Every structure is written in C-alpha cells, then in structure tokens.
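Enquirer: My questions are about this predicted structure, shown below with the sequence.
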Amino acid sequence: MDMGAGNVYLPLVFTNKGSTTCTLTGYPGVSLRDSAGAGIGAPATRRGPTRSTVSLPPGGRASAALHTLNEGTTDTPCRRTAERIRVYPPDSFDAMNVSVRSFRVCGGVFEVEAMRSGTGG
C-alpha cells in the first residue's frame, strides 16, 4: 500500500485464534529475515503514539502498519530483500515468522505503528 508520494505501508494483521478474548496494547516487535533466517538490518523503530488497548474476541482482528520508503526516494540504499518478517505481538516473547514477497526497506526508514482495531494497519 502506497499512501503519499514515496511512502510504503504494509499492514500486519493479527487474528485471535483462541477461544477467549485477548488484548493487545502498544507496538509489535518487527524484524526482517532472509531465506536462511538471518536478520537483515535493525528491527523496526516505533512510530507515533501508543493507542488504547485493543480487545479481540475469538476470531477478532487487529493490525499495526509497517512504514518504509519507495526505492529512490532518498540517496540511502535499500536493504537486502526480506523473505520473512519476524513479529513479536506486544508484550510477548513468542515470535511468528510471516512469509513476504520481495519486501525491502528503503531510504533508511523502517517503522512500526501501534496496534489498532481492524485490519487497516
């Protein structure tokens, strides 16, 4: 998703697969991995204010947006292409690895926004 010239946003969607309501507050931890599982650059930095706690009933969804820049927006080179995004839900030590197609961080910008209700990121 490209919202504004040079900006790229990718929503990370979390779904409650459990049988009871859960809550998410704050920011997920996000880092990039190559096909061998090695890290690519520093983890995403937090962007914007923390929002209210999101309550997810079973099957409910919440999201957080990743932000980077389009290639060529600045003189800062892009990182290597990621094959996976490693995500830690807020306040969790259990990571999930999400397959991605050709996600690259460019312009020296890799940010994650706080959790919000819905899937808009």
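Expert: Ah, there it is.
Enquirer: for the worst-scoring helix or strand of the chain on mean pLDDT, the distance to its chain's centre please.
Expert: In the chain, the helix or strand scored least confidently by mean pLDDT, DSSP states H and E is strand 96-103, which has a mean of 88. From the chain centre to the centre of strand 96-103 is a distance of 10 Å (CA atoms, centre = their mean, to the nearest Å).
Enquirer: Given it, what are its sheet partners and their directions?
Expert: Partners of strand 96-103 in the sheet, by DSSP bridges, are strand 82-88 (antiparallel).
Enquirer: ok, how many other residues are close to G6?
Expert: 15 (other CB atoms under 10 Å). For every residue, glycine as well, the C-beta is placed using N, CA and C.
Enquirer: do the one 3 residues further on as well
Expert: Other residues lying near Y9 total 16 when counted by other CB under 10 Å.
Enquirer: A114 now?
Expert: Taking other CB under 10 Å as the neighbour definition, A114 ends up with a count of 20.
Enquirer: Enumerate every residue touching it.
Expert: Contacts were defined as CB atoms under 8 Å, 6 or more residues apart in numbering; by that measure A114 touches 26-27, 46, 48-51, 64.
Enquirer: Any of those buried? List them.
Expert: Burial by neighbour count, judged by 16 or more other CB atoms under 10 Å, picks out 26-27, 46, 51, 64 from those.
Enquirer: Now the two most distant members of the contacts of A114.
Expert: Spatially, the most separated pair among the contacts of A114 is P49 and A64, at 12.9 Å (CB to CB).
Enquirer: Just give me the closest of the contacts of A114 to N16.
Expert: When the contacts of A114 are compared for distance to N16, the smallest value, 14.7 Å, is given by A64; criterion: CB to CB.
Enquirer: Okay, and the closest one sits in which element?
Expert: Under the criterion DSSP states H and E, the helix or strand holding A64 is strand 61-69.
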